[in-house]
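> I need the structure of the sequence given here:
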Amino acid sequence: MGSAEAAVFCSNLATNLHSTPFSNSNLPKLNLFSIPPPKAYSFPSIRCRPRPGSPVFGASPSSDGTHVMVEDDLQAFLQILPQELRDILIDEPKRDKLLEVILDLGRLPEARYLGEPGGQYLRNTEVSMKELEDAQNAVGEFGGDNRAGIEGTLHRISAIRGRKGEIVGLTCRVGRAVSGHIDMVHDLLHYGKSILFVGRPGVGKTTVMREIARVLSDEFHKRVVIVDTSNEMGGDGNIPHAAIGGARRLQVPEPSLQHKVMIEAIENHMPEVIVVDEISTEAEALACRSIAERGVMLIATAHGERLENIMKNPTLSNLIGGIEAVTLGDEEARARRCKKSVLERKGLPTFYFLIEMRERHYWVTHRTEKSVDMLLRQRNPLVEVRKRDNQFKMVVERWKPYDGHDI
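Coordinates of the predicted model:
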């Protein structure tokens, strides 16, 4: 599809999705998960075994007494920072909520925290080139995607380069192994169907993927292979982080080779489950379809906040079955009470379920095939809303009409 055709296609789709609102009074009662129910199950208590010497922070208990456990290896993270910043952060009361530290040449160093807008300056003197060089030496070599890690941890260091290739800025992001969120999706894993997660950056998609890989491997006893492009899921180094449990990991030498490593995983290692982070190219979308057609369960994330973002993206729309323009006959158009030229789903979705992660503890779950079809017919599909209440208990609200915004 050329760029001009893609622009026209997206324009037509946007018009089709946001035309006259549909009245929910005429909406048929659809069974969101109309597939044979899985065997009875219970949610086991889940604990993450911390690495020796690592600080662990607990959260509120869930309904079955499970605690969310967090391992952050913060000491290893602080070692790459200048000594002055290290001393400030180690005494910071909010250090368990530290999200990232920004070091930009000639600017004040800044710390950002989970759940807080903006950032907090750590001192009143600018970052020097020597400090950036020292941090770079502590981290090691950066890959082709300008990312690096700290061996044995989940921390990610991303570089900003000048025109001559020198590093002029670093985004030092804290990686945390979080255990205890699996009850938000545990029941869906029993179906053995592929699941696609979408959501804005920082909402916790990679963290959830990491725990799903561990649970499928250690509790469901599946053969799980992770395709780890930037070592975000299994951490830096050749020995993967304990947070992925018994899942195996294939590292990707260059981001552009991710689709090839995905096919290599299915051909060489006989997985029952493949876990992939950040599907973003047409080649990767086609590799996902190839994996799904071989009967392998696929757990993945994609760029986008809502289902409609995937539908409007010509590159990624194959993940939800693809969308094409068709011309209806006169009789069919009258029966549907619509125009003769309409948009329809091209084939079966690669992913049976699609989950919109609106917030860390607020998810909207779609049965992909039904939701796509109803949105293309200008109707509001029925979805499940999964969230946590004030006591950290998981609450599931079924049969909620989806409008793409409030729900």
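> residues near Leu348, how many?
Using other Cβ atoms under 10 Å, Leu348 has 14 neighbouring residues. No exception for glycine: its C-beta is placed from N, CA and C like everyone else's.
> mind checking pLDDT for it?
Reading off the confidence values, Leu348 has pLDDT 94.
> what's the per-residue pLDDT of the nearest residue to it once chain neighbours are set aside here?
Using Cβ to Cβ, 6 or more residues apart in numbering and skipping residues adjacent in sequence, the residue nearest Leu348 is Gly321, 5.8 Å away. According to the prediction, Gly321 has pLDDT 94.
> now do the one 4 residues further on
The predicted local distance difference test score for Ala325 is 88.
> wait, it touches Ser341, no?
Yes: counting by Cβ atoms under 8 Å, Ala325 touches Ser341, with 6.2 Å between them.
> on that earlier part again, give me phi/psi at the residue nearest to Leu348?
With angles defined as degrees, to the nearest 10, Gly321 sits at phi 110, psi -10.
> what's near enough to touch it?
Contact analysis of Gly321 by Cβ atoms under 8 Å, 6 or more residues apart in numbering lists 345-350, 368-369, 372.
> can you redo those residues as JSON lines with secondary structure and distance to Ser128?
Compiled in JSON lines, these are given as follows (DSSP: H, G, I helix; E, B strand; the rest coil; distance: Cβ to Cβ, whole Å):
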{"residue": "Arg345", "secondary structure": "strand", "distance to Ser128": "56"}
{"residue": "Lys346", "secondary structure": "coil", "distance to Ser128": "55"}
{"residue": "Gly347", "secondary structure": "coil", "distance to Ser128": "56"}
{"residue": "Leu348", "secondary structure": "coil", "distance to Ser128": "56"}
{"residue": "Pro349", "secondary structure": "coil", "distance to Ser128": "52"}
{"residue": "Thr350", "secondary structure": "coil", "distance to Ser128": "49"}
{"residue": "Thr368", "secondary structure": "helix", "distance to Ser128": "51"}
{"residue": "Glu369", "secondary structure": "helix", "distance to Ser128": "56"}
{"residue": "Val372", "secondary structure": "helix", "distance to Ser128": "52"}
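> now list the buried members of those residues.
Among the contacts of Gly321, those buried by neighbour count (16 or more other Cβ atoms under 10 Å) are 345, 349-350, 368-369, 372.
> now do the strands in the stretch 201-350 of the chain.
Using DSSP state E, counting those that start in this stretch, the strands of the stretch 201-350 of the chain run over residues 224-228, 248-251, 273-279, 297-302, 323-327, 341-345.
> would you format these as TSV with distance to Ile195 included?
Formatted as TSV, these follow (distance: least, Cβ to Cβ, whole Å):
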stretch	distance to Ile195
strand 224-228	13
strand 248-251	19
strand 273-279	10
strand 297-302	5
strand 323-327	21
strand 341-345	18
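> on that earlier part again, distance to Asp403 added to the contacts of Gly321, as CSV?
Listed next are the contacts of Gly321 as CSV, based on distance: Cβ to Cβ, whole Å:
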residue, distance to Asp403
Arg345, 20
Lys346, 25
Gly347, 26
Leu348, 25
Pro349, 21
Thr350, 25
Thr368, 17
Glu369, 19
Val372, 15
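> among those residues, which pair sits farthest apart?
Spatial extent of those (Cβ to Cβ) is set by the pair Lys346 and Thr368 at 13.2 Å.
> quick one: low-confidence parts of the stretch 1-150 of the chain?
By pLDDT under 70, the low-scoring segments of the stretch 1-150 of the chain are 1-68.
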